[in-house]
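Chemist: structure for this input, please:
(chains A, B, C and D)
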Number of protein chains: 2
Amino acid sequence: MAKSVANLSDVATLAKVSKSTVSRVLNNKLGNGFSVTAEVKERILKVIEELNYKPNLIAQDLTKQRTRMISVLGGAHALSDLGNIYQTAINSITNILDNAPGGFDVTVDMSHHPDGSSEIPAWRIDGAIVLARCSDETFEELEQRNVPYVVVNGSSWEKGSTVVPDDIQGMKLSVDHLVKLGHKRIAYASAPLGHLIGHSSIEERHQTYVSEIKKLGLPVIEGHDKLFTSAEDYLKSIIFKNKATAIITYGHMNALNLMQAAHFLGISIPQNFSLMAFCDKCATDIMSPGLTFIDLQSKKMGEIAASMLLEMIKNPGSARKQIKIQEQLVFRDTTSAPENS
Amino acid sequence: MAKSVANLSDVATLAKVSKSTVSRVLNNKLGNGFSVTAEVKERILKVIEELNYKPNLIAQDLTKQRTRMISVLGGAHALSDLGNIYQTAINSITNILDNAPGGFDVTVDMSHHPDGSSEIPAWRIDGAIVLARCSDETFEELEQRNVPYVVVNGSSWEKGSTVVPDDIQGMKLSVDHLVKLGHKRIAYASAPLGHLIGHSSIEERHQTYVSEIKKLGLPVIEGHDKLFTSAEDYLKSIIFKNKATAIITYGHMNALNLMQAAHFLGISIPQNFSLMAFCDKCATDIMSPGLTFIDLQSKKMGEIAASMLLEMIKNPGSARKQIKIQEQLVFRDTTSAPENS
DNA sequence: TCACTAGGTCCTGTCAAAAGG
DNA sequence: CCCTTTTGACAGGACCTAGTG
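Modeler: Predicted structure coming up:
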């Protein structure tokens, strides 16, 4: 196959000028000690047009020592289940970085890197956003290569910044909301099996549930410390046997399962029990009736993460930041005063 | 800031050998006319270890003229709404390409490229998967650069291959399913506003609905040619006024909306009307009761697209292919014989 | 000062050729 | 002269500094 694309030399030869001139017509803003005849400039531009020449980005990256590429790591779990908060976060991250001066190319890494092997193209990126977590090897490489990175909803190593939702405050909001409605027997359904094991939100929500409930002198309903499995069994145990009047769930998937199971068992929400979850607004849009939820503010998390990353890229020496985002209660149809109050 | 990463020269200097020797220790499979003293090899490997040297991928790309990167284009709509077929497709695409010999780095391009400007890093990728469609400029660049590409669920330009579901056959399956159950008044709800305008599936499903219904001598129910807006209005018009006993919807979001509206209006599914949709298996998992649907086989589409792309990369001269995937009926809880039959 | 150019730089991979025995 | 081991020079494409007439 013949050479299919033109390069700088080709343009230079055809325009009968040197490569440097072509390069500077393309890149250097005219004015600061740089000039060309209008005629030469025209000639060069015409040849570029004819050959449809475009600079080879790889070569450009090599000389400029920067790629204007930003990688979002952890796409495998970000895309795995429906309506999780990372989708929203990714969207706002992309928006910000797209519109940043100069423009960055945002790209979600989808490869399921086998355990123990970091395959992050650290040499190819100017920065990274980590969704919740990544492998130790990846963290190590990011740190060693001095790649600026921000972790969204998770913790970082030494040099990375973080943006996390304030789950302690969110759980307090939840309990407070239900207590104000008159609930006394409030249960908590933890994360389903297979969820991100060891994620801090699992621990924080759980512990805060226990401490808040105890602080108010209310009964801690059993099952809060187990991972969530069967929604039907859970309802039988928590509603029928333990007489709970309200359930807080770790995420929207639990809530969805519980709604379906309740429908199946002939129990009504919120007549027979109130239900609320931690999740993102967009996840609740698919549910009916409208779920009361603690908004994790994933859009805002994404925006802040992206801005912080830009700052870190611009200003390599700056110190890491750790930001906590306040969560918000959105009161809709699945919570109300308990029946017997 | 001091130079933070080691390069080939550094290794060579410290190991007291030439750069080429280091390079060959790293890359050339030993055996075919290549050899080093065990001692030299050890020395080099030790230095590499010490400096934690890793080849600069950008430079490597430049010399090798290939990046082992594959870009998935169209991420903006692939991630925009929940449970759409592209998520499944992306997952299977990634699986295949990850495990391909040599391994490819799959990356989803998320940038919302402004109209008219192709910003595809065509120079940086070895191949592309297009989800449904991309801008004309992008197609143009892919073609001109001879980047192998496969379009999933959409049409390509001259050199690209395509994998599309057979919507004509799928609509025939739907109508046939409902007719066999005894339905005579079958309606079709088209794509919601804001969906991919002009996508062939909208046209094909709609036209096939009309032609199949007519062929069977059944009444074409009005509303089939309008974009879907309010689920409640639709039900009032189609079920109450037009006495339809079954509705086929363009996608799972319509179906979800209709289920919620039916619940609100006090109509039961499938007692009062049957409902089915075109969608992906994973989208229906979040619905209750279980939706009868036409499976678009997005997993299979992804697998085939990825394999075709690998073939095209390996074999640049090969002719484009256009593959149609058979759709499948999955009979669940939302369709049954009509009440008055 | 103006209008332009030569040649080094970024970093790795390759190949012909040289060194060592 | 042969074989093994190693090397130097250059390609790859764009950018940039120093420099020329």
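Chemist: where do the helices of chain A begin and end?
Modeler: Secondary structure of chain A (DSSP state H): helices at A:8-15, A:19-26, A:38-51, A:57-64, A:75-78, A:85-98, A:136-144, A:167-181, A:200-215, A:231-235, A:252-265, A:281-284, A:298-314.
Chemist: mean pLDDT lowest where, among those?
Modeler: Mean pLDDT per stretch puts helix A:75-78 lowest among those, at a mean of 73.
Chemist: how about the nearest residue to residue A:48, chain neighbours excluded?
Modeler: Closest residue to residue A:48 apart from its sequence neighbours, by CB to CB, 6 or more residues apart in numbering or on different chains: residue A:11 at 5.8 Å. For every residue, glycine as well, the C-beta is placed using N, CA and C.
Chemist: and the one you found, how many residues sit next to it?
Modeler: 23 (other CB atoms under 10 Å in any protein chain shown).
Chemist: against DNA strand C, how distant is it?
Modeler: 11 Å (CB to the nearest atom of the strand, to the nearest Å).
Chemist: so which residues on the stretch 51-200 of chain A come close to DNA strand D?
Modeler: The stretch 51-200 of chain A comes close to DNA strand D at residues A:53, A:55-56, A:59-60, A:62-64, as judged by CB under 7 Å from any atom of the strand.
Chemist: what sits against the residue nearest to residue A:48?
Modeler: Shown in contact with residue A:11 (CB atoms under 8 Å, 6 or more residues apart in numbering or on different chains): A:22, A:44, A:47-48, A:51, A:53.
Chemist: any idea how far the residue of the stretch 201-341 of chain A found nearest DNA strand C is from residue A:208?
Modeler: Ranked by CB to the nearest atom of the strand, the top residue of the stretch 201-341 of chain A for proximity to DNA strand C is residue A:316, at 15.9 Å. Using CB to CB, to the nearest Å, we find residue A:316 at a distance of 37 Å from residue A:208.
Chemist: the two: who's more crowded?
Modeler: Just comparing residue A:316 and residue A:208: by other CB under 10 Å the higher neighbour count belongs to residue A:208, 19 against 9.
Chemist: distance of that one relative to residue A:202?
Modeler: Counting by CB to CB, the gap from residue A:208 to residue A:202 is 11 Å.
Chemist: re earlier: by neighbours, which of the residues of the stretch 51-200 of chain A next to DNA strand D wins?
Modeler: Using other CB under 10 Å as the neighbour test, these are led by residue A:53, with 19 neighbours.
Chemist: can you get me a residue count around the residue of the stretch 151-300 of chain A found nearest DNA strand C?
Modeler: Closest to DNA strand C within the stretch 151-300 of chain A is residue A:159: 20.3 Å, counting by CB to the nearest atom of the strand. Neighbourhood size, residue A:159 [other CB under 10 Å]: 16.
Chemist: cool, residue A:124 as well?
Modeler: Residues lying near residue A:124 (other CB under 10 Å) number 21.
Chemist: I'd assumed residue B:58 was in contact with it.
Modeler: Yes - Residue A:124 lies in contact with residue B:58 (CB atoms under 8 Å); the separation is 6.0 Å.
Chemist: how about the residues of the stretch 1-150 of chain A by DNA strand C?
Modeler: A:16-21, A:24, A:33-37, A:39-40, A:59, A:62-63, A:65.
Chemist: of those residues, select the buried ones using a ChimeraX command.
Modeler: The ChimeraX selection below is limited to those of these classed as buried (16 or more other CB atoms under 10 Å in any protein chain shown):
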select /A:17,21,24,36,40,59
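Chemist: return only those of the residues of the stretch 1-150 of chain A next to DNA strand C found close to chain B.
Modeler: Counting by CB under 8 Å from any CB of the partner chain, A:59, A:62 from those sit close to chain B.
Chemist: what sits against residue A:54?
Modeler: residue B:123.
Chemist: so how far is residue A:11 from it?
Modeler: Distance from residue A:54 to residue A:11, by CB to CB: 11 Å.
Chemist: one step back: show the pLDDT at the residue of the stretch 151-300 of chain A closest to DNA strand C.
Modeler: Listed pLDDT for residue A:159 reads 95.
Chemist: now the one 4 residues further on
Modeler: pLDDT, the model's per-residue confidence, is 97 for residue A:163.
Chemist: does it touch residue A:309 like I think?
Modeler: No - contact criterion CB under 8 Å: residue A:163 and residue A:309 do not qualify, at 10.0 Å.
Chemist: overlap in contacts, the two.
Modeler: Common contact partners of residue A:163 and residue A:309 (CB under 8 Å, 6+ apart): residue A:150.
Chemist: domain assignment for chain A?
Modeler: Residue ranges for each domain of chain A read A:6-54, A:67-163+A:296-325, A:165-295, as given by the TED database.
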